[in-house]
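Student: sharing a model that was predicted from the sequence below.
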Amino acid sequence: MKVSFCITCYDRDIHLLGEALSYVRNQTVKPDETLIIASGIKSLGYNDPDVFNEFLKTLIARYNLEKSDPIRIFTLNDRMLPGGARNKGGELATGDVVCFCDVDDPIHPQKCEIVKRVFDNKNVDALIHNYNLGQEEFIMVSDLDQIPIEKVTTIDSPPSTNIEVPSKLPATQGHMSAKKEVFSDIKYKEDIALGEDGMFCQSIVKSSKYSLYYTPLILINYIT
């Protein structure tokens, strides 16, 4: 099972990309590829995408990512909202599973390893997970054969699920990992700035075509 990490960023938070790449470098099992979807570069004065790509390559080298860690860079002159950037990542990724990572959110060092284990061993098409608000220490999973997951059977609007979420926040606000084929007919809404994750999850459940699961494991710290 090949996993693609997709980091979405735009002009206002591009300065955080180096730290986001450090979370990729520190994964216990590296993703098979990392995509960077960077939008709004024209407002940074990079009218030539090739010049901006050289800037990103320098940044990647600074964070000592190994040559065996393939990174693919895609730049867009105009800024995209989160849903549009994620749709682009889902379209361009070559992995069997795509994990979306916001540039400003710390990632659990076992996230890729956990995602691989869940999708390899279960009939899972998409997975949502719990998160912390703010900067917290991640708890390492010692027994990967005992990862808790539960099938999501109902999602209403506003987002709520049949899952009891430890943080008391809707599970659908967690980041999503999904099989590549899910993006062939289910898309994130591109015209809203907040709530696109919840609506994407709702669409998966309502389609009755894909199996959506939830794990209470905290795999990101949600900063903003």
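Tutor: Alright, I've got the coordinates. Residues are numbered from 1 along each chain as shown.
Student: phi, psi for residue 83 please.
Tutor: phi -60, psi -40 (degrees, to the nearest 10).
Student: any idea how far the closest residue to it other than its chain neighbours is from residue 106?
Tutor: Counting by Cβ to Cβ, 6 or more residues apart in numbering, residue 83 lies nearest to residue 188, which is 3.4 Å off, once chain neighbours are set aside. Every C-beta, even on glycine, is put in place using the N, C-alpha and C of the backbone. Distance of residue 188 to residue 106, given as Cβ to Cβ, to the nearest Å: 22 Å.
Student: what of residue 215?
Tutor: From residue 215 over to residue 106 the distance is 18 Å, taken as Cβ to Cβ.
Student: then residue 129?
Tutor: Counting by Cβ to Cβ, the gap from residue 129 to residue 106 is 14 Å.
Student: now do the shared contacts for these two.
Tutor: Residues touching both residue 129 and residue 106 (Cβ atoms under 8 Å, 6 or more residues apart in numbering): residue 220.
Student: helices along the chain, start to end?
Tutor: 17-25, 49-62, 82-92, 111-121, 196-207 (DSSP state H).
Student: show me what counts as buried in the third one.
Tutor: So that's helix 82-92. 82, 83, 84, 85, 86, 87, 88, 89, 90 (16 or more other Cβ atoms under 10 Å).
Student: next one: the shortest one
Tutor: For helix 17-25, the buried set under the neighbour-count rule, 16+ other Cβ under 10 Å, comprises 17, 20, 21, 23, 24.
Student: so who does the second one touch?
Tutor: By Cβ under 8 Å, 6+ apart, the contact set of residue 20 is 7, 9, 101, 103, 104, 107.
Student: and the residue lying closest to residue 122 once chain neighbours are set aside, what does it touch?
Tutor: Of all residues not flanking residue 122 in the chain, residue 149 sits nearest, at 6.5 Å (Cβ to Cβ, 6+ apart). Contact analysis of residue 149 by Cβ under 8 Å, 6+ apart lists 118, 122, 124, 127, 213, 214, 215.
Student: and for residue 126, the neighbour number?
Tutor: Residues lying near residue 126 (other Cβ atoms under 10 Å) number 23.
Student: that one reaches residue 181, doesn't it?
Tutor: No - if you go by Cβ atoms under 8 Å, residue 126 and residue 181 don't touch, sitting 10.5 Å apart.
Student: now the strands: where do they sit in this structure?
Tutor: Listed in chain order, the strands of the chain (DSSP state E) span residues 3-10, 33-39, 71-76, 97-102, 126-133, 150-151, 155-156, 160-161, 176-179, 212-222.
Student: with mean pLDDT and distance to residue 198 added, can I get these in CSV?
Tutor: CSV is the format used below for those (pLDDT from 0 to 100; distance: least, Cβ to Cβ, whole Å):
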stretch, mean pLDDT, distance to residue 198
strand 3-10, 90, 17
strand 33-39, 88, 21
strand 71-76, 79, 25
strand 97-102, 91, 14
strand 126-133, 85, 10
strand 150-151, 86, 18
strand 155-156, 66, 8
strand 160-161, 56, 9
strand 176-179, 90, 10
strand 212-222, 87, 12
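Student: what's the burial count for residue 34?
Tutor: Applying other Cβ under 10 Å, we find 27 residues neighbouring residue 34.
Student: sounds good, over and out.
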